[in-house]
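Chemist: Could you work out the structure for the sequence below:
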Amino acid sequence: MNKLLLFALLALVTFSCKGKYDEELTKALELSGNNRAQLEKTIEHYDGEQQEAAKFLIRYMPERDLTTLNFEFLTENIDYAYVAREEFPWAQALDKETFFNEVLPYVSLNETRERWRADFYTRFKKYLTDAKTIEDAIWAINNNILNEVNVEYNTKRNKPDQSPYESMEINMASCSGLSILLVDAFRAVGIPSRVAGTPNWYNNSGNHNWVEVKVNGQWHFTEYYPSGTFDEAWFLERAGKANDEDAYQWIYASSYKPTEITFPLVWDENIKYVYATNETPRYKRLYAEQNLGVVNGIPVQVIMLLGDQCSISGNNRVKAEVKLLNNGSVADSGYTSGPEDDMNRYLTFPLDKNKKYELQFVNSKGETITQSFGTEDQEEQIILSY
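Modeler: All right, here's what the predicted structure looks like:
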């Protein structure tokens, strides 16, 4: 063969191989080690948008997944994501960027990787028979997930970052585990969703995670235990007071595609491969718009515990109605958190400073108990004995 022709052919082959994948995808494949053949097989299995989807997943995949996730895992996830995209009108209407980052991913945080998508598609599509809009679909899933998977909030769960089947096996999960479950249920039927949360509230009272859904281009929040209304939950008062100056008290939302910041995981702060966006300004704006709280007031938290228990661990808490009395008249009422409520959730009354109030409830003996207290220039927490 003519040496010049041979050189030209070799150059063409070299150029074709180099130009096959972009720089980020090439780097990801290089990191995959012995698993590279599985990933390339996945890419070549598809064409068109589905091949773009496969490339997206692999391009931004954490190294732990690059070396372990196989062809069957990835193609099942992609295939069923597109089953939902083709079946449901809200999924059809999504732009590609949203679909890729908030529907297609097989994971939210650092949880165990599982093949949940086919099962969850079958489990949850049956609730969408009458759903005409994405709002209909969201509430159909949100209102039925508890009965479908039989998982409740419980502080005795095995670990905070449980995967769906880890939670379903023991029928309990943390707020993070519940959020992962709900996100996967939404994604299984083509609803863009992500985990949101904070590593620490502005008042240093702990962390919390919940769920966001994208509706007609706008992000809204909900929880595993839904209020039935977007952007309404017990934690908005705290989220709305997030500290802009302290990143550990920001409000975050997870992202599969890398961003400039990572999602702080309080159970393992060494993990840096879960990406996020800073949603603090949006939550502060929501809080201001809803005009929550009392002007110049303070939030008073009320906790009901069993008998003479002094620990607020989940099993010691009692759900009971408590009335707030102001000058002898009922000014407000609500229910304290029970053992299945999130540990950061409290019955909270926003009250004026430096005033006298009373709390009234019926204890376990059927007696009506009235307890007086006064507010001062700081947050209050009142513990009642059931």
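Chemist: For W219, identify the helix or strand it belongs to.
Modeler: Using DSSP states H and E, W219 maps to strand 218-222.
Chemist: Now find how far off-centre that strand is within its chain.
Modeler: Mean-position distance between strand 218-222 and its chain equals 11 Å (CA atoms, centre = their mean, to the nearest Å).
Chemist: and the chain, what are its domains?
Modeler: Here the domain parsing of the chain from automatic domain parsing is 22-69, 89-289, 297-385.
Chemist: Reformat those domains as a markdown table; add mean pLDDT, distance to D79 and mean neighbour count.
Modeler: Any C-beta I mention is one placed from the backbone N, CA and C, and that applies to glycine too. Shown next, in a markdown table, are the domains of the chain (pLDDT from 0 to 100; distance: least, CB to CB, whole Å; neighbours: other CB atoms under 10 Å):
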| stretch | mean pLDDT | distance to D79 | mean neighbour count |
| --- | --- | --- | --- |
| domain 22-69 | 98 | 8 | 17 |
| domain 89-289 | 96 | 8 | 19 |
| domain 297-385 | 83 | 35 | 15 |
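Chemist: I'd like to know which of the ones you listed is closest to A81.
Modeler: Among these, domain 89-289 comes nearest to A81, with 5.0 Å by CB to CB.
Chemist: And the closest one, end to end?
Modeler: Using CA to CA, to the nearest Å, one end of domain 89-289 lies 31 Å from the other.
Chemist: Y287 contacts F235, doesn't it?
Modeler: No - if you go by CB atoms under 8 Å, Y287 and F235 don't touch, sitting 10.4 Å apart.
Chemist: about what we covered before: I'd like the domains of the chain as a markdown table, with distance to A81 appended.
Modeler: Shown next, in a markdown table, are the domains of the chain (distance: least, CB to CB, whole Å):
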| stretch | distance to A81 |
| --- | --- |
| domain 22-69 | 7 |
| domain 89-289 | 5 |
| domain 297-385 | 30 |
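Chemist: And R85, how close does it get to Y21?
Modeler: 24 Å (CB to CB, to the nearest Å).
Chemist: So which of the two has more stuff around it?
Modeler: Taking other CB atoms under 10 Å, R85 and Y21 do not tie; R85 has more neighbours (20 against 17).
Chemist: so the more buried one sits in a strand?
Modeler: No - counting by DSSP: H, G, I helix; E, B strand; the rest coil, R85 is located in no strand; its state is helix.
Chemist: Excluding sequence neighbours, find me the nearest residue to it.
Modeler: Leaving out its chain neighbours, the residue that sits closest to R85 by CB to CB, 6 or more residues apart in numbering is A91, at 4.4 Å.
Chemist: Contacts only, for G374.
Modeler: Applying CB atoms under 8 Å, 6 or more residues apart in numbering to G374 gives the contacts N354, K355, K356, Y357.
Chemist: Among those, which one lies nearest to D231?
Modeler: Of the contacts of G374, the one sitting nearest to D231 (CB to CB) turns out to be Y357, at 28.8 Å.
Chemist: tell me the secondary structure for that closest one?
Modeler: Under the three-state scheme (three-state DSSP), Y357 adopts strand.
Chemist: What's opposite it in the beta bridge?
Modeler: Beta-bridge partners of Y357, counted by DSSP bridges, are F373.
Chemist: from what I can see it touches E380, true?
Modeler: No - using CB under 8 Å, Y357 is not in contact with E380, being 9.9 Å away.
Chemist: any shared contact partners between these two?
Modeler: Here Y357 and E380 have V300, F373 as joint contacts, going by CB under 8 Å, 6+ apart.
Chemist: Can you tell me, leaving aside adjacent residues, what's nearest to D332?
Modeler: Using CB to CB, 6+ apart, the closest residue to D332 is L324 (4.3 Å).
Chemist: Quick check: that neighbour vs L359, distance?
Modeler: L324 sits 6 Å away from L359, going by CB to CB.
Chemist: Also L265?
Modeler: From L265 over to L359 (counting by CB to CB), the distance is 37 Å.
Chemist: now do Y127
Modeler: 40 Å.
Chemist: Just give me the residue closest to the centre of the chain.
Modeler: V195 (2.4 Å; CA atoms, centre = their mean).
Chemist: if I've got this straight, it is in a strand?
Modeler: Yes - secondary structure of V195 (three-state DSSP): part of a strand.
Chemist: Surely it and N209 touch.
Modeler: Yes - using CB under 8 Å, V195 is in contact with N209, at 5.6 Å.
Chemist: in the stretch 151-300 of the chain, which spans are strands?
Modeler: According to DSSP state E, counting those that start in this stretch, the stretch 151-300 of the chain carries its strands in the segments 152-153, 172-173, 193-198, 208-215, 218-222, 252-255, 261-262, 275-278, 297-305.
Chemist: Let's have those in CSV, adding distance to N143.
Modeler: As requested, those are exported to CSV (distance: least, CB to CB, whole Å):
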stretch, distance to N143
strand 152-153, 15
strand 172-173, 18
strand 193-198, 15
strand 208-215, 14
strand 218-222, 10
strand 252-255, 23
strand 261-262, 33
strand 275-278, 28
strand 297-305, 27
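Chemist: Among these, which comes closest to D231?
Modeler: Closest approach to D231 among the strands of the stretch 151-300 of the chain (CB to CB): strand 218-222, 5.3 Å.
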